[in-house]
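Novice: below is the structure, and that's it, no one-letter string:
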């Protein structure tokens, strides 16, 4: 699914027609409020975003997308009549993946979309880790066990991601505190034990991969739990 946020109906209709002819699912929005409502129901693979919109402008929408963990991974192409160098630089600095100035050709639009989607898919593959039944996606902040999603707290997610990024390596509780918790955390190592316990409960079939190394700390097994 690709979302197009564009207040000019003629341009929006052209974009949606082009996308659908190219085989994409596509949905259009004339302003930010309806776009945000759609995001709460379904996340797209890519967003085409106009700068000048009624109500909340495209720049503010872009900043919101990048500031939300649910949507920060979604590639965004700015599609706008504002073509100054400063407009481009500001949007790219705010997290846009590409910037297309109106008027544009439909073949160029499709080519840019293909390029951005390829880069996004490659990045997401690089951010995805899998060990046994466990799979974790850093960009999407998702964890799955045997293909089923698991809901973790932020610290549980960071702990699991750290262990999965270093399979087979043993870490002391102090090392885990330094690596996963915020710098200068004043808690003691029992915090690590508590989070490991709750993490194991939530991981179900994958719990056995989080191993206790007696007298040392914890590690993530490189093999499936038996």
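Specialist: Now that the structure is in, tell me what you want to look at. Because the structure is a prediction, the values reported are computed rather than measured.

Novice: can you give me the buried ones in the longest helix along the chain?
Specialist: Using DSSP state H to define each element, the chain has its longest helix at helix 106-126. For helix 106-126, the neighbour count (16 or more other CB atoms under 10 Å) marks 109, 112-113, 116-117, 120 as buried. Where C-beta positions appear, they are placed from N, C-alpha and C, glycine not excepted.

Novice: now do the helices in this protein.
Specialist: With helices called from DSSP H, the chain shows them at 9-21, 32-41, 58-67, 85-93, 106-126, 154-165, 173-180, 190-203.

Novice: in JSON lines, list these along with distance to residue 133 and mean pLDDT.
Specialist: What follows is the helices of the chain, written out as JSON lines (distance: least, CB to CB, whole Å; pLDDT from 0 to 100):
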{"stretch": "helix 9-21", "distance to residue 133": "36", "mean pLDDT": "96"}
{"stretch": "helix 32-41", "distance to residue 133": "29", "mean pLDDT": "94"}
{"stretch": "helix 58-67", "distance to residue 133": "32", "mean pLDDT": "93"}
{"stretch": "helix 85-93", "distance to residue 133": "39", "mean pLDDT": "88"}
{"stretch": "helix 106-126", "distance to residue 133": "19", "mean pLDDT": "88"}
{"stretch": "helix 154-165", "distance to residue 133": "12", "mean pLDDT": "92"}
{"stretch": "helix 173-180", "distance to residue 133": "22", "mean pLDDT": "88"}
{"stretch": "helix 190-203", "distance to residue 133": "9", "mean pLDDT": "93"}
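
Novice: out of these, which gets nearest to residue 135?
Specialist: helix 154-165 (9.1 Å; CB to CB).

Novice: show me the contact partners of the closest one.
Specialist: Residues from elsewhere that reach helix 154-165 (CB atoms under 8 Å, 6 or more residues apart in numbering): 129, 131, 134, 136, 138, 141, 143, 152, 171, 176, 179-181, 192, 195-196, 198-199, 202-203, 210, 218-220.

Novice: which parts of it are buried?
Specialist: Residues of helix 154-165 classed as buried: 155-161, 163-164 (neighbour count, 16+ other CB under 10 Å).

Novice: picking up where we left off before, what angle sits between the longest helix of the chain and helix 9-21?
Specialist: 60 degrees (axes from the mean of the first three to the mean of the last three CA atoms, to 10 degrees).

Novice: by contact count, what packs against helix 106-126?
Specialist: For helix 106-126, the elements it packs on are helix 9-21, strand 46-49, strand 76-80, strand 98-101, judged by 3 or more CB pairs under 8 Å, 6 or more residues apart in numbering; DSSP states H and E.

Novice: distance of residue 38 from residue 17?
Specialist: Note on residue 38: its distance to residue 17, by CB to CB, to the nearest Å, is 19 Å.
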